[in-house]
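> Prediction below, plus the sequence it came from.
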Amino acid sequence: MPALSTRTETFTDSVIRRMTRVSDEYGAINLSQGFPDFDPPKAITDRLAEVAKTGPHQYALTWGAKNFRDALARKQEHFSGMKVDPEKEIVVTCGSTEAMMAAMMSVCNPGDKVVVFSPFYENYGADAILSGAEPIYVPLKPPTFTFDVDELEAAMKQPGTRALILCNPSNPCGKVFTREEMQIIADLAIRYDLFVITDEVYEHILYKPHTHVYMSTLPGMKERTIICNSLSKTYSITGWRLGYVIACPEVIERVKKVHDFLTVGAAAPLMEAAVVGLNFDDTYYQWLQEKYTHMRNLFLDGLKSAGLSFVEPQGAYYVLVDISEFGYTDDEQFCIDLAKEVGVGAVPGSSFFREDVNHLIRLHFAKQDETLLAALDRLSDIRRLKK
Ligand SMILES: Cc1ncc(COP(=O)(O)O)c(C=O)c1O
């Protein structure tokens, strides 16, 4: 057989999706892969049923249906205050996953470097490699997940660094970057002439008093911020694969071309149905925040009762739980045993860290009360894993 590409030979399968398979194998409650087990808003699914009859069913415009981009531009302006030209500053993609890949391919040359905070969402390393760039990592230090400004500057000023990836709110650690932290990043990006590629998929999943600061609205950042976002988490439609890039016209011109060759376009009927969601008023986003606050409180209270220690997430829907007391040196083995013996699926923290961190596991709580209560009931027995 001919040789396969060297570029992809270091790829492992996704640890998150591997843990979903482990959960399934042992009949565990799967709190590893982060997707809700409740329905999307009915208005969206009702509209989908109509669209099934009326269409569209053929290709939409490559960079996204006009009514979808118009609605997105309005929503972005409403929440961030920034004006977005739906013709020149948006590309609709197949999830934020494609948005990130298209953004990286649009800005990176082979051999460039991309700064990534660690812990990080596992796709970033692969995205960097696929776009020919080398990821360089700057630690967010547990338990507070703050960064050292000198370490950040040292990474950002390395020759060949083109961009920094900012996941805010952060998966897996639940950090919401403060305005002061964002300003530090922005100042450095301007000083060293870098792009900031933001992953804002958890923009609306925040816990009071934390608020979302839009990097692109900081002075001097509009031209150098590439927003990657999606509808997956905001409207509980992870399977619809609707995402987008928002950036200045020069960047979007390039992203449009990359996107055209990567996927041609996002699903036309799904865009049509999802416009209903993009047009929801503020009450929807307040409801979403309350729903997630309820799930977070329910789950974290249960973890506390089970005597587990963790860092309280400020945003997103994950919690990193400290497993030091169990005496494992291999957190993946701990997760396998957790699925097998206790019946709960989790992700080993080491898969998110560049540094040698293996005392954390990630659980997610985007689940109905019954699911969370059943998982907590099982977790009350977690000490049987103690060595
Ligand atoms: C930080 C982050 N970015 C991107 C994604 C993927 O988003 P999408 O479904 O829009 O591709 C996820 C999914 O879990 C995520 O946690």
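Structure's in. What do you need?

> Name all residues that make contact with residue 202.
Counting by Cβ atoms under 8 Å, 6 or more residues apart in numbering, residue 202 touches 168-171, 233, 315-317. C-betas here are computed from N, CA, C, even on glycine.

> do you know how far it is from the ligand?
7 Å (Cβ to the nearest ligand atom, to the nearest Å).

> Secondary structure element for that residue, which one?
Using DSSP states H and E, residue 202 sits in no helix or strand.

> picking up where we left off before, want to try CSV for the contacts of residue 202, with secondary structure, distance to residue 99 and pLDDT as columns?
Supplementary listing: the contacts of residue 202 in CSV, determined by DSSP: H, G, I helix; E, B strand; the rest coil; distance: Cβ to Cβ, whole Å; pLDDT from 0 to 100:
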residue, secondary structure, distance to residue 99, pLDDT
168, coil, 15, 98
169, coil, 17, 98
170, coil, 17, 97
171, coil, 15, 96
233, coil, 13, 98
315, strand, 19, 98
316, coil, 17, 98
317, coil, 20, 98
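
> And the residue of the stretch 101-250 of the chain that's closest to the ligand?
residue 230 (3.0 Å; Cβ to the nearest ligand atom).

> which phi and psi does that residue have?
phi -160, psi 170 (degrees, to the nearest 10).

> Please work out which residue of the stretch 1-150 of the chain is closest to the ligand.
Residue of the stretch 1-150 of the chain nearest the ligand, by Cβ to the nearest ligand atom: residue 95 (2.6 Å).

> Enumerate every residue touching that residue.
230, 232, 241-243.

> Tell me the confidence at the residue positioned nearest the centre of the chain?
Residue closest to the average C-alpha location in the chain (Cα atoms, centre = their mean): residue 201, at 5.2 Å. Turning to residue 201, the model gives it a pLDDT of 98.

> Any idea how far apart the tips of stretch 308-319 sit?
11 Å (Cα to Cα, to the nearest Å).

> excluding its backbone neighbours, what's nearest residue 336?
Using Cβ to Cβ, 6 or more residues apart in numbering and skipping the chain neighbours, the partner closest in space to residue 336 is residue 22 (5.8 Å).

> For that neighbour, which residues are in contact?
Counting by Cβ under 8 Å, 6+ apart, residue 22 touches 28, 32, 335-336, 339, 345.

> now with 7 Å?
Counting by Cβ atoms under 7 Å, 6 or more residues apart in numbering, residue 22 makes contact with 336, 339, 345.

> re earlier: can you list the contacts of residue 95 in a markdown table and add neighbour count?
Formatted as a markdown table, the contacts of residue 95 follow (neighbours: other Cβ atoms under 10 Å):
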| residue | neighbour count |
| --- | --- |
| 230 | 28 |
| 232 | 22 |
| 241 | 19 |
| 242 | 27 |
| 243 | 23 |
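
> Would you confirm that residue 29 contacts residue 339?
No: using Cβ atoms under 7 Å, residue 29 makes no contact with residue 339, being 9.1 Å away.

> quick one: the closest residue to the ligand within the stretch 251-387 of the chain from residue 305, how far?
Nearest residue of the stretch 251-387 of the chain to the ligand: residue 316, at 7.1 Å (Cβ to the nearest ligand atom). To residue 305, residue 316 is 23 Å away according to Cβ to Cβ, to the nearest Å.

> And for residue 219, nearest residue in space, chain neighbours not counted?
residue 186 (7.7 Å).

> and the one you found, what pLDDT?
Here the pLDDT value assigned to residue 186 is 98.

> ok, now residue 35?
pLDDT recorded at residue 35 is 88.

> and if you look at residue 10?
84.

> next one: residue 6
For residue 6, pLDDT reads 89.

> circling back to that earlier point, overlap in contacts of residue 29 and residue 339?
In contact with both residue 29 and residue 339: residue 345, using Cβ under 7 Å, 6+ apart.

> who's more crowded, those two?
Under the criterion of other Cβ atoms under 10 Å, the comparison of residue 29 against residue 339 puts residue 339 first, with 26 against 21.

> quick one: the more buried one and residue 28 touch, right?
Yes: the pair residue 339 and residue 28 passes the contact test of Cβ under 7 Å, sitting 4.0 Å apart.

> Find the residues that touch each one of these two.
With Cβ under 7 Å, 6+ apart as the test, residue 339 and residue 28 both reach residue 345.

> what about the closest residue to residue 254 other than its chain neighbours, which helix or strand?
Spatial nearest neighbour of residue 254, excluding adjacent residues (Cβ to Cβ, 6+ apart): residue 106 at 4.3 Å. Take DSSP H and E as the rule and residue 106 turns out to sit in helix 95-107.

> how big is the angle separating the helix or strand following that helix from helix 95-107?
Counting by DSSP H and E, the element after helix 95-107 in chain order, helix or strand, is strand 113-118. Interaxial angle, strand 113-118 versus helix 95-107 (axes from the mean of the first three to the mean of the last three Cα atoms, to 10 degrees): 150 degrees.
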